[in-house]
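Undergrad: Would you be able to build a 3D model of this:
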Amino acid sequence: MTLGSVVLLAYLLACPIYRSTHLYATLLAVTAYVAYGVVTYVAVTVAPARSRVRLTLFTFADQAIVTGALAVGGTAALPLLWVAFWFLVGAGCRYGQRMLGLSCAMALVGIMGLMHWQPWWRANLTAALGIALSIAATSVYLAVLVHRLERQASTDPLTGLYNRVRLEQAIGRTLFTRGVEVERTAMLLVDLDGFKEVNDSFGHAVGDELLRNFAEALVSRMRRGDTLARLGGDEFVVLARHVYDKNDALTVANSIHAILADMRTVGGYPVTVSCSIGVCLLTEGTGSRSLDARTLMRAVDSAMYRAKARGMGKTEFVGTVGVTPSAA
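TA: Next comes the predicted model:
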């Protein structure tokens, strides 16, 4: 609304000077855009929860309104070309690659339409083609940048595994999935036993190398489709797919124990490290909206601490949240 109002003011000042029909048409288009901005602001204020349908419609409308202004305004509307690029940046940096792709597609379709039906654009096809290529190139650059930023924001810098934010997103998607997909999922919280002693004895560099080695081994041992994350410190989470029952979950837990049993040296230093694992078997019943990722994390964290209380290298199960735990 702020930028639209600035543009509106500029055209209001220009109209008495140039008194062009195209200028008046552009002024009306900019006025319509400011009104549209007010409508979108009210919609987001009344219903602040993100809606993919609403976001798609607004992204579509942004570029459509710019194209409309360029169509009715001719040369008088050419200063508005920067707005198309502004919407690309906004869609990509605020809402990710999908909205960036939609915004780019709308902008290109709009320019193709202008090249066919608007007199100035038909007479300047070379310039129009250059603008279209600029929009495409800007979108590609933004897509690469957004991908890198999203990856950095969702991964642990030390191990390259997902971080807590990305893990909670994955858990949330799983909890709201109905049917067999939920029934075949287990969450394992892994806490390393003896990691503090390694840090204290050999230094943090060796401790960091231990964490990286463990993460690499997890990646090699876990199956396609499993989600691996580091919560921070020496805590890791495995969201394992295709786990049908407690025995399958125990097999996954035992494979994690085996990784640390085979890890005898790190950076040339002898180490003795094991892990305590808390396990929660997800069922279709856990897909209720009353259960979220953080509630599940607290439950499996409690199971992990019960395992740690039993000694090093143990696994503790929680069938579902609120169910009496069992040990293994």
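Undergrad: Would you map the strands across the stretch 201-328 of the chain?
TA: Per DSSP state E, counting those that start in this stretch, the stretch 201-328 of the chain carries strands over the ranges 227-232, 235-240, 265-266, 269-270, 274-281, 315-318, 326-327.
Undergrad: what pairs with the second one, and is each one parallel or antiparallel?
TA: Yep, that's strand 235-240 we're talking about. Paired neighbours of strand 235-240 in the sheet (DSSP bridges): strand 186-193 (antiparallel), strand 227-232 (antiparallel).
Undergrad: same deal with the fifth one?
TA: Strand 274-281 has its sheet partners listed here by DSSP bridges as strand 186-193 (antiparallel), strand 315-318 (parallel).
Undergrad: Same list (those) but as a markdown table, adding mean pLDDT.
TA: Below are the strands paired with strand 274-281 laid out as a markdown table (pLDDT from 0 to 100):
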| stretch | mean pLDDT |
| --- | --- |
| strand 186-193 | 94 |
| strand 315-318 | 91 |
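Undergrad: Sketch out the low-pLDDT regions of the stretch 51-200 of the chain for me.
TA: Within the stretch 51-200 of the chain, the ranges that satisfy pLDDT under 70 run 176-183.
Undergrad: Show me which positions of stretch 192-202 end up buried.
TA: For stretch 192-202, a neighbour-count test (16 or more other CB atoms under 10 Å) marks 192-195, 198-199, 202 as buried. Every C-beta, even on glycine, is put in place using the N, C-alpha and C of the backbone.
Undergrad: That should have said stretch 155-166, apologies.
TA: 155-156, 159, 161-164, 166.
Undergrad: Most tightly packed of the strands of the stretch 201-328 of the chain?
TA: Highest mean neighbour count of those: strand 274-281, a mean of 26 (counted as mean count of other CB atoms under 10 Å).
Undergrad: can you give me the helices in the stretch 1-150 of the chain?
TA: Counting by DSSP state H, counting those that start in this stretch, the stretch 1-150 of the chain has these helices, from start to end: 2-18, 21-46, 52-73, 81-95, 97-117, 119-123, 125-154.
Undergrad: same thing with the stretch 201-328 of the chain?
TA: Under DSSP H, counting those that start in this stretch, the stretch 201-328 of the chain gives helices at 204-221, 246-261, 293-309.
Undergrad: How many residues are close by the nearest residue to Phe58 once chain neighbours are set aside?
TA: Leaving out its chain neighbours, the residue that sits closest to Phe58 by CB to CB, 6 or more residues apart in numbering is Thr40, at 5.8 Å. For Thr40, the neighbour count with other CB atoms under 10 Å is 16.
Undergrad: any idea how far the closest residue to Val273 other than its chain neighbours is from Ala217?
TA: Leaving aside its sequence neighbours, Val273 sits nearest to Gly194 (CB to CB, 6+ apart; 4.4 Å). Separation of Gly194 from Ala217 (CB to CB, to the nearest Å): 16 Å.
Undergrad: what sits against the residue sitting nearest the centre point of the chain?
TA: The residue lying closest to the centre of the chain (CA atoms, centre = their mean) is Glu150, at 6.0 Å. Contact partners of Glu150, counting by CB atoms under 8 Å, 6 or more residues apart in numbering, are 96-97.
Undergrad: Who are the contact partners of Leu57?
TA: Residues near Leu57 by CB under 8 Å, 6+ apart: none.
Undergrad: so what's Leu189 bridging to?
TA: Legend: beta-bridge partners of Leu189 under DSSP bridges are Val237, Gly278.
Undergrad: Thought Ile17 was touching Leu23, still the case?
TA: No: between Leu23 and Ile17 there is no contact under CB atoms under 8 Å: 9.1 Å.
Undergrad: Comparing those two, which residue is more hemmed in?
TA: Taking other CB under 10 Å, Leu23 and Ile17 do not tie; Leu23 has more neighbours (20 against 8).
Undergrad: on that earlier part again, for Val34, which of the helices of the stretch 201-328 of the chain is the nearest?
TA: Between Val34 and those, the tightest spacing by CB to CB is seen for helix 293-309, at 40.0 Å.
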